[in-house]
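Enquirer: after the sequence you'll find the predicted model.
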Amino acid sequence: MSDPDAPDVLARLRDLQAADLPVHGGRTLAYVYDSGLAEVDRIGREAVAAYAGSNGLDPTAFPSLLQMENELVGFAAGLLTPSGTAPDTVVGTVTSGGTESVLLAVQTARDSRPDLARPNVVMPATAHAAFHKAAHYFGVEARVVPVGADFRADPAATAAALDDSTVLVVASAPSYAHGVVDPVEELAALAAARGIRCHVDACIGGWVLPYAARLGRAVRPWTFAVPGVTSISVDLHKYGYAPKGTSLLLHRTPELRRPQFFASAAWPGYTMLNATMQSTKSGGPLAGAWAVVQTLGDAGYEKLAADVFAAVDRIVEGVAGIEHLGLAAVPDSTLVAVTTDDACDVFTICDEMLERGWYVQPQMAYAGGPSTVHLSVSAATLASVEELLAALAESVAAAVAAGPVRVDSGIADFLRALDPATLSAADFDGLLAAAGLGSSGDGGALALPRRMAEVNALLEVAAPDLREALMVTFLDRLSRPAYPSAPR
Ligand SMILES: *Cc1c(COP(=O)(O)O)cnc(C)c1O
């Protein structure tokens, strides 16, 4: 252990990490959610480390994990069933993230109706892609309903999509892409009238909208206070500001949750008994989330919510003052989707923001809606919101000077005509290379271009199924073993 020649692994780790986006500082407006409170982060990290080896597989072997889970669920149930508005029958499970919460919500709904040959889930077109993943994994039909001009779910169109094989109606609070809350009361009532479950995906809003309401902001009802809402997903690793790896799936009653649980005694080992997709699972993320929630508490979250909404309001006001920019929708929560006019394009703006030290996420045009710059605003963004707006104004000016990225019409026609089902591996490699995502020649490794605008503009032209196939090929080419260069 004390070999002086041993490489300092942790130093190497820090070197490697220098290539990543920063997770603190409020300048990364996607993927990470930053409270801006160093002490909260430290406590979360230490709790993760302290529980890294603990196993959430068996709550009787690690009772502290069960206690922390029940306390987290209790805290969330308090947030999501404001006193006097709903029965206190809510139960829940800590999962590894929003996707797992969504997967389990769909699996639970499916398995509540074993009589159905081909169950379907009815969801607005703005529902998170995790619902498509769930449909794919669990053999459920994803019945997608177009949204209204305001990007909110359309209750009449939803009603028309329901049938006797519908096991779940989905609503978002808010939707990821546009940051608006669906008309949950209408959707849940439609579902309840037919005895169908209704899941509210509050992965984003779950830990921040209850405080928005308390701060006096207008929030349309979406919690268990709404009759007919049967389950809710809430991510702790988003606006709970917890370390990565925790979300909650809550059900209105234990009976509704029951099909989520899995047991198998059909082998010679221990009886496997799981509430989640994972079996052995680290206690780290759960302990990290518990420690952060204990540290911040209700008052801490209310303060962070006040900060994040102050930042959102300032961004909305600032965007209105930048020529060529607009909003896809007035944000109901903490996500802002910014549009442009024809003078520039969102992809170039995102590149220009990165040049200035800000990571913002490009979203491609979809189903007639515009491409947008997506901002996941954190409490930590408030401290530098004026710098953010200045960088945005500069980036727009640079993008206007450069002019919108144009895809050659011949190439666009070619891409639109391609059917991914007919393409060979070599065709895909050729397409990736043409898009600027090819091999760098350095041992076959792929290198991302510094500027992504041209790549994104090309990908946007491709139909969704071709885009998916290209991205899967890209991931395949990225994911190849790195062999040790020297013997150890
Ligand atoms: C982030 C998100 C998810 C998926 O969560 P992960 O933690 O990324 O797996 C699902 N729904 C919504 C609305 C989200 O914002």
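Expert: Yep, that arrived.
Enquirer: which parts of stretch 478-488 are buried?
Expert: Within stretch 478-488, no residue counts as buried by 16 or more other Cβ atoms under 10 Å. Placement of C-beta: from N, CA and C, glycine included.
Enquirer: check contacts around the closest residue to E39 other than its chain neighbours.
Expert: Leaving aside its chain neighbours, E39 sits nearest to T295 (7.6 Å; criterion: Cβ to Cβ, 6 or more residues apart in numbering). By Cβ atoms under 8 Å, 6 or more residues apart in numbering, T295 lies in contact with E39, V40, I43, G44.
Enquirer: M272: neighbouring residues, count only.
Expert: Neighbour count of M272, defined by other Cβ atoms under 10 Å: 14.
Enquirer: do the one 10 residues further on as well
Expert: Here the neighbour count serves as a burial measure; for S282 (other Cβ under 10 Å) it reads 19.
Enquirer: and it, how far is that from G288?
Expert: Distance of S282 to G288, computed by Cβ to Cβ, to the nearest Å: 10 Å.
Enquirer: got it, and A161?
Expert: In terms of Cβ to Cβ, A161 sits 40 Å off from G288.
Enquirer: please apply the same query to C198.
Expert: 31 Å.
Enquirer: which one of those two is surrounded by more residues?
Expert: Taking neighbours as other Cβ under 10 Å, C198 and G288 compare with G288 leading, 30 against 25.
Enquirer: ok, now which ones touch that one?
Expert: If you count contacts by Cβ under 8 Å, 6+ apart, then G288 has G44, R45, A47, V48, Y51, A242, P243, G245, T246 around it.
Enquirer: so what's the residue count around N55?
Expert: Residues lying near N55 (other Cβ under 10 Å) number 14.
Enquirer: so what's the nearest residue to it once chain neighbours are set aside up against?
Expert: Nearest residue to N55 in three dimensions, chain neighbours excluded: T280, at 5.4 Å (Cβ to Cβ, 6+ apart). Each residue near T280 by Cβ under 8 Å, 6+ apart is listed here: N55, G56, L57.
Enquirer: can you name the residue of the stretch 51-200 of the chain nearest the ligand?
Expert: Going by Cβ to the nearest ligand atom, the ligand is nearest to G98 of the stretch 51-200 of the chain, at 2.1 Å.
Enquirer: swap that for the stretch 351-488 of the chain, sorry
Expert: S376 (8.4 Å).
Enquirer: quick one, what contacts that residue?
Expert: Contact partners of S376, counting by Cβ under 8 Å, 6+ apart, are L29, A30, Y31, Y33, I204, K238, T334, L335, Q361.
Enquirer: quick one, phi psi at it?
Expert: Main-chain torsions, S376, degrees, to the nearest 10: phi -90, psi 100.
Enquirer: beta partners for it?
Expert: S376 has these beta-bridge partners by DSSP bridges: L335.
Enquirer: from the chain's centre, how far out does the helix or strand the residue nearest to E39 falls within sit?
Expert: Element membership of T295 [criterion: DSSP states H and E] is helix 284-320. Centroid separation for helix 284-320 versus its chain: 16 Å, with Cα atoms, centre = their mean, to the nearest Å.
Enquirer: against G139, how distant is G44?
Expert: 37 Å.
Enquirer: which one of these two is surrounded by more residues?
Expert: G44 (28 against 9).
Enquirer: pretty sure P420 contacts L466?
Expert: Yes: with contact defined as Cβ atoms under 8 Å, P420 counts as touching L466 (4.9 Å).
Enquirer: the helices in the stretch 201-350 of the chain, which residues?
Expert: For the stretch 201-350 of the chain, the helices defined by DSSP state H, counting those that start in this stretch occupy 209-214, 254-257, 284-320, 346-355.
Enquirer: of those helices, which is nearest G92?
Expert: G92 lies closest, by Cβ to Cβ, to one member of the helices of the stretch 201-350 of the chain: helix 254-257, at 7.9 Å.
Enquirer: what does that closest one contact?
Expert: So helix 254-257 is contacted by T89, V91, G92, T93, T108, S112, R197, T230, S231, H251 (Cβ under 8 Å, 6+ apart).
Enquirer: could you redo the last one with a cut-off of 6 Å?
Expert: V91, T230, H251 (Cβ atoms under 6 Å, 6 or more residues apart in numbering).
Enquirer: what's the answer for stretch 13-32, then?
Expert: Against stretch 13-32 from outside (Cβ under 6 Å, 6+ apart): D34, G357, W358, Y359, V360, Q361, L375, S376, S378, A380, T381, S384.
Enquirer: over to stretch 265-273?
Expert: Outside stretch 265-273, the residues that touch it by Cβ under 6 Å, 6+ apart are A263, S264.
Enquirer: what mean pLDDT does it have?
Expert: Stretch 265-273 carries an average pLDDT of 97.
Enquirer: also stretch 117-126?
Expert: Per-residue scores along stretch 117-126 average to 98.
Enquirer: now it: how far from the chain's centre is it?
Expert: Its chain's average C-alpha position is 19 Å from that of stretch 117-126, according to Cα atoms, centre = their mean.
Enquirer: what is the end-to-end distance of it?
Expert: 27 Å (Cα to Cα, to the nearest Å).
Enquirer: contacts for that stretch next, please.
Expert: Here stretch 117-126 makes contact (Cβ under 6 Å, 6+ apart) with 106, 110, 113, 131, 140-147, 151, 153, 161-162, 165-170, 175, 177, 367.
Enquirer: so which of the residues you listed also contact the ligand?
Expert: When contact is defined as Cβ under 6 Å from any ligand atom, the contacts of stretch 117-126 do not meet the ligand at all.
Enquirer: list the contacts for M277?
Expert: Contacts of M277 by Cβ under 6 Å, 6+ apart are E100.
Enquirer: how close does it get to the ligand?
Expert: 12 Å (Cβ to the nearest ligand atom, to the nearest Å).
Enquirer: what residues does the stretch 51-200 of the chain have near the ligand?
Expert: Counting by Cβ under 6 Å from any ligand atom, the stretch 51-200 of the chain comes close to the ligand at G97, G98, T99, V102, H128, A130, S172, Y176.
Enquirer: could the residues you listed be laid out in a markdown table, adding neighbour count?
Expert: As requested, those are exported to a markdown table (neighbours: other Cβ atoms under 10 Å):
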| residue | neighbour count |
| --- | --- |
| G97 | 20 |
| G98 | 26 |
| T99 | 20 |
| V102 | 27 |
| H128 | 21 |
| A130 | 21 |
| S172 | 32 |
| Y176 | 20 |
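Enquirer: from those residues, which ones fall inside strands?
Expert: Using DSSP state E, S172 are the members of those that sit in strands.
Enquirer: farthest pair within the residues of the stretch 51-200 of the chain next to the ligand?
Expert: Going by Cβ to Cβ, the pair spanning those furthest: G97 and S172, at 16.3 Å.
Enquirer: right, and the residue of the stretch 51-200 of the chain closest to the ligand touches L248 too?
Expert: No: G98 lies out of contact with L248 (Cβ atoms under 6 Å); the separation is 9.7 Å.
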